[in-house]
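**Q** this one's structure only:
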């Protein structure tokens with residue numbers, strides 16, 4: 001059975017082993033992050049550090065000025081920035097941050113992909129507070145929630161335990177054995193890189209699997225920054241000129257690794273995407289996206305403003321009460337009890353004849369179903385001088401998809417009303433009517 005541990009406190013508890021330093025706050029507001037109680041108190045009592053000056057940087061001795069509470073939280077959430085040891089760890093190459101894939105091994109010894117959809121997770125191996133040469137900590141928070149001390153053999157870089165608690169809360173026991181293999185893995189260029197693996201059996205796993213963690217030493221991901229406007233607007237029939245980008249790994253320029261793919265057609269009004277992709281040395285991909293809007297400079301309509309959904313005329317084909325039929329938004333709102341009127345819908349002009357809408361489904365999921373703004377259907381529409389409306393692009397962040405289409409779409413300039421029929425997820429049909437209430 002999968003266990004995903006995302007507790008900030010569990011992670012903070014491991015800081016004492018990661019830092020290996022004292023933990024006192026001085027009169028300037030600096031704290032030694034190995035003192036877990038100090039860190040927790042600072043996070044839970046922000047006012048305890050507000051009177052101290054400082055900028056949140058770590059100095060050469062591993063002391064962090066935590067006046068900026070956001071900085072210390074970011075440090076905690078980014079494990080790679082916490083691995084600081086003023087001395088070489090006694091466990092040598094066995095220490096580090098790893099990117100591993102947990103898979104399970106069946107009774108025939110065949111390895112299978114993780115059935116829970118978890119691909120790669122971060123794993124830390126680090127020295128004890130006393131910098132012992134015969135034991136190390138293993139920590140992993142995103143799959144089973146490992147946090148345990150294991151004996152090690154530095155001669156062959158192996159480690160193993162038998163039926164011991166796998167976390168500090170003694171949630172269950174684990175039997176595991178594994179090895180760090182210096183230079184045995186390879187990065188995407190074929191160069192050698194350290195790797196790690198271990199097999200683990202958890203006594204609270206209802207499936208009874210043997211889990212195999214395997215991967216390579218972690219390297220920071222590519223950071224891609226786009227230059228110029230995003231979204232970017234260009235007139236119909238002109239040319240698209242790439243504004244440029246930068247790509248770095250740990251501050252080192254790797255722009256040469258970026259692959260750019262574009263579907264921009266300057267001869268057709270529309271919303272297009274330029275995708276920038278790059279991988280680090282161990283194959284972890286980073287993507288950035290630029291939206292490019294091609295517009296007709298002759299379009300002179302403006303539907304920008306604040307809208308409310310017509311709750312009686314807008315309707316959805318649904319199974320309210322177990323019976324499939326057309327139900328008005330008013331009926332759906334009554335049934336779910338989250339709102340009586342969908343408000344705050346906006347259309348914003350981004351280019352002549354092109355408008356961005358913050359919810360093309362009129363607040364149905366966001367407000368009627370109560371899912372929140374991450375489930376609003378954002379998107380772009382084109383409106384011509386006759387009021388004909390065309391869907392150009394749509395996206396709902398919460399589900400990661402968009403509308404199939406809208407049809408019979410029209411803007412009535414005499415009543416400032418927009419209406420259309422839509423299809424979503426190949427199964428959900430709605431008739432939307434929204435009235436403008438303010439410019």
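**A** Noted; the coordinates are in hand. Computed from a predicted structure; not experimentally measured.
**Q** rest of the way, CA atoms for contacts and neighbours
**A** Noted.
**Q** got the residue ranges for the strands in the stretch 301-439 of the chain?
**A** Here the stretch 301-439 of the chain has its strands, by DSSP state E, counting those that start in this stretch, at 305-309, 315-318, 325-328, 345-351, 354-357, 377-383, 389-396, 403-412, 417-424, 428-438.
**Q** ok, and what's touching stretch 425-439?
**A** 304-310, 313-318, 361-362, 402-404, 415-423 (Cα atoms under 8 Å, 6 or more residues apart in numbering).
**Q** got the buried residues for that stretch?
**A** Using 16 or more other Cα atoms under 10 Å as the burial criterion, the residues of stretch 425-439 that qualify are 429-436.
**Q** swap in stretch 382-391?
**A** Taking 16+ other Cα under 10 Å as the basis for neighbour counts, the residues of stretch 382-391 that come out buried are 382-384, 387-391.
**Q** End to end on it, go ahead and measure it.
**A** End-to-end span of stretch 382-391 (Cα to Cα, to the nearest Å): 6 Å.
**Q** Kindly report the same for stretch 312-319.
**A** The distance separating the two terminal residues of stretch 312-319, taken as Cα to Cα, comes to 18 Å.
**Q** Could you tell me which residues within it count as buried?
**A** Result for stretch 312-319 [16+ other Cα under 10 Å]: buried residues 314-316, 318.
**Q** Now do residue 333: how many residues are near it, please.
**A** Residue 333 sits with 20 neighbouring residues when counted by other Cα atoms under 10 Å.
**Q** Now do residue 4, the pLDDT please.
**A** At residue 4, the model reports a pLDDT of 34.
**Q** Same question for residue 258.
**A** pLDDT, residue 258: 97.
**Q** any idea how far it is from residue 239?
**A** For residue 258 relative to residue 239 (Cα to Cα), the value is 22 Å.
**Q** between the two, who's got more neighbours?
**A** More crowded of residue 258 and residue 239, by other Cα under 10 Å: residue 258, with 19 against 13.
**Q** Can you pull the phi/psi pair for the more buried one?
**A** phi -80, psi 130 (degrees, to the nearest 10).
**Q** Is the nearest residue to it once chain neighbours are set aside bridged to anything, and to what?
**A** Using Cα to Cα, 6 or more residues apart in numbering and skipping residues adjacent in sequence, the residue nearest residue 258 is residue 278, 4.6 Å away. Beta-bridge partners for residue 278, by DSSP bridges, are residue 286.
**Q** Please give me every residue in contact with residue 278.
**A** 222, 257-259, 285-287.
**Q** Distance of residue 99 relative to residue 209?
**A** 21 Å.
**Q** ok, those two, which is more surrounded?
**A** Using other Cα under 10 Å, the more surrounded residue of residue 99 and residue 209 is residue 99, with 21 against 17.
**Q** Surely the more buried one and residue 213 touch.
**A** No. Here residue 99 lies out of contact with residue 213, judged by Cα atoms under 8 Å, at a distance of 9.5 Å.
**Q** ok, and for the longest strand seen in the chain, which residues are buried?
**A** Determined from DSSP state E, the single longest strand within the chain is strand 173-186. Neighbour-count burial for strand 173-186 flags 173-182, 185 (criterion: 16+ other Cα under 10 Å).
**Q** what's downstream of that strand, the next helix or strand?
**A** strand 192-202 (DSSP states H and E).
**Q** what's that following strand packed up against?
**A** Using 3 or more Cα pairs under 8 Å, 6 or more residues apart in numbering; DSSP states H and E as the contact test, the elements touching strand 192-202 are strand 96-105, strand 173-186, strand 210-217.
**Q** counting contacts, what elements does the shortest one pack onto?
**A** If I follow you right, that is strand 210-217. For strand 210-217, the contact count by 3+ Cα pairs under 8 Å, 6+ apart identifies strand 96-105, strand 192-202 as packing neighbours.
**Q** what is the rounded mean pLDDT of whichever helix or strand comes after the first one?
**A** The helix or strand immediately downstream of strand 96-105 is strand 111-112, counting by DSSP H and E. Confidence for strand 111-112, expressed as mean pLDDT, is 92.
**Q** Can you name every helix or strand that strand 111-112 contacts?
**A** strand 96-105.
**Q** Return the distance of the strand it packs on from the chain's centre.
**A** Relative to the centre of its chain, strand 96-105 is centred 20 Å away, using Cα atoms, centre = their mean, to the nearest Å.
**Q** Same check on stretch 155-165?
**A** For stretch 155-165 - counting by Cα atoms, centre = their mean - the centre lies 33 Å from the chain centre.
**Q** tell me the mean pLDDT over it?
**A** Averaged across stretch 155-165, pLDDT comes to 96.
**Q** Buried residues of that stretch, list them for me.
**A** For stretch 155-165, the neighbour count (16+ other Cα under 10 Å) marks 157-161, 164-165 as buried.
**Q** go on, stretch 337-345?
**A** Judged by neighbour count using 16+ other Cα under 10 Å, the buried positions of stretch 337-345 are 338-345.
**Q** Among those, which one lies nearest to residue 331?
**A** residue 340 (9.3 Å; Cα to Cα).
**Q** and the gap between the closest one and residue 255?
**A** Noted for residue 340: a distance of 51 Å to residue 255, by Cα to Cα.
**Q** next one: residue 367
**A** 43 Å.
**Q** more crowded one of the two?
**A** A count of neighbours by other Cα under 10 Å puts residue 367 above the other of residue 367 and residue 255, at 22 against 16.
**Q** which stretches of this structure have low pLDDT?
**A** Applying pLDDT under 70 to the chain picks out residues 1-87.
**Q** Show me the domain layout of it.
**A** Taking automatic domain parsing as the criterion, the chain consists of the domains 21-81, 92-217, 228-295, 305-438.
**Q** Tell me which residues touch residue 404, please.
**A** 422-426.
**Q** what about 7 Å?
**A** Taking Cα atoms under 7 Å, 6 or more residues apart in numbering as the criterion, residue 404 is in contact with 423-426.
**Q** and which of those residues is nearest to residue 111?
**A** residue 425 (34.6 Å).
**Q** Next one: the closest one relative to residue 405, how far apart?
**A** Distance, residue 425 to residue 405, by Cα to Cα: 10 Å.
**Q** what do you get for residue 144?
**A** Here the criterion is Cα to Cα. By it, residue 144 lies 42 Å from residue 405.
**Q** what do you get for residue 161?
**A** Residue 161 is 57 Å from residue 405, by Cα to Cα.
**Q** how far is stretch 137-151 from where the chain is centred?
**A** Relative to its parent chain, stretch 137-151 has a centroid offset of 23 Å by Cα atoms, centre = their mean.
**Q** Same check on stretch 203-217?
**A** Computed by Cα atoms, centre = their mean, the chain-centroid distance of stretch 203-217 equals 24 Å.
**Q** Now do it: distance from first to last residue.
**A** 28 Å.
**Q** Could I get the buried residue list for that stretch?
**A** Buried positions in stretch 203-217, judged by neighbour count with 16+ other Cα under 10 Å: 203, 205, 209-217.
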